[in-house]
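**Student:** Take a look and give me a structure for this.
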Amino acid sequence: MTERSLVETLMEAAPTEVLELAWTSPGLTLAERARVVSSLHMRSRMTLEGTARMTGATPAQIQALMELATLDDEDLELVSEANPPATTWFLFAGADSDAIRAGLKVLETPDGGHESPLVGVYDAMRSLAGPSQDERIAVISGTTLGHLAHKAKEYNVLSPKARAFLVNLAKRKKTGAPITEKQLIWLKSLLLELVERGVVCRESADGDQDACDEVMDAMGV
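**Tutor:** Next up is the predicted model:
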């Protein structure tokens, strides 16, 4: 730990007089820097841009540092001891304890095959958390989507346009074409409607449990 006199001196001074020192001083640990800069920024009532100009940092760096300061003490100290690159701060700030440890472990091996520390930490955290809902929905098979279009017609749900969209998306899937963001948003809303209407469920009576389970798992319900 840094001697408390330095931290106390910074905390008690006028923010505009010591913000640059708080950002640049080698005598502060990352945890102390995060807490001190966050406190000084709040007291100064300046914008992120104003604090960034005063410290020589970027607004993004100041924001990430302040978000680090909101971590539990134990997690913040863990990150501080590793002193990761500033580009990774926002990832650690938004992670839970397990994800923080996974990200720090990657940084222990500088030549771990990642193009940058940011990519390495992101991949490690994402691997631990698993794919997001959007990512799961995006890889629902074309066979299942085609089946849903047929089943929706049998149940007389979804509009003809929506069912045609599912058919066309199923065909695109079979060619390996990626789903677009706009298509993903519409697909998600259609799947939700099918679940809410009972067309897709965990105990299907239609002999299509595998297809239903694929959708339910992707939706996380």
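
**Student:** mind checking how far stretch 167-187 is from the chain centre?
**Tutor:** 24 Å (C-alpha atoms, centre = their mean, to the nearest Å).

**Student:** residues making contact with it?
**Tutor:** If you take C-beta atoms under 8 Å, 6 or more residues apart in numbering as the criterion, stretch 167-187 is touched by 134, 137-138, 140-143, 145-146, 149, 162, 165-166. Every C-beta, even on glycine, is put in place using the N, C-alpha and C of the backbone.

**Student:** Quick one: end-to-end distance for it.
**Tutor:** End-to-end span of stretch 167-187 (C-alpha to C-alpha, to the nearest Å): 11 Å.

**Student:** Only the buried residues of it, if you could.
**Tutor:** 167, 169, 170, 172, 173, 179, 183, 184, 187 (16 or more other C-beta atoms under 10 Å).

**Student:** any idea which helix or strand carries residue 27?
**Tutor:** Per DSSP states H and E, residue 27 falls between elements, in no helix or strand.

**Student:** so where's this protein uncertain?
**Tutor:** By pLDDT under 70, the weakly predicted segments of the chain are 1-4, 110-115.

**Student:** Now with 80, please.
**Tutor:** For the chain, applying pLDDT under 80 flags the ranges 1-4, 109-115, 129-130, 221.

**Student:** where along it do the helices fall?
**Tutor:** Using DSSP state H, the helices assigned to the chain run over residues 4-12, 15-24, 30-44, 48-55, 59-68, 73-82, 89-93, 97-107, 117-129, 133-138, 142-154, 160-175, 181-196, 209-219.

**Student:** wouldn't residue 51 be in contact with residue 20 here?
**Tutor:** No - using C-beta atoms under 8 Å as the test, residue 51 is too far from residue 20 to be in contact (10.0 Å).

**Student:** Settle it for me: which of the two has more neighbours?
**Tutor:** Legend: neighbour count by other C-beta atoms under 10 Å for residue 51 and residue 20, higher for residue 51 (26 against 14).

**Student:** related to what we said a few turns ago, ok, the contacts of stretch 167-187 vs residue 39, which is closest?
**Tutor:** Relative to residue 39, the closest of the contacts of stretch 167-187 is residue 134; by C-beta to C-beta it sits at 37.1 Å.

**Student:** State the distance from the closest one to residue 166.
**Tutor:** Distance, residue 134 to residue 166, by C-beta to C-beta, to the nearest Å: 17 Å.

**Student:** ok, those two, which is more surrounded?
**Tutor:** Per other C-beta under 10 Å, whichever of residue 134 and residue 166 has more neighbours is residue 166, with 26 against 14.

**Student:** hmm, back to that, which of the contacts of stretch 167-187 are buried?
**Tutor:** For the contacts of stretch 167-187, buried by 16+ other C-beta under 10 Å: 137, 138, 140, 142, 145, 146, 149, 162, 165, 166.
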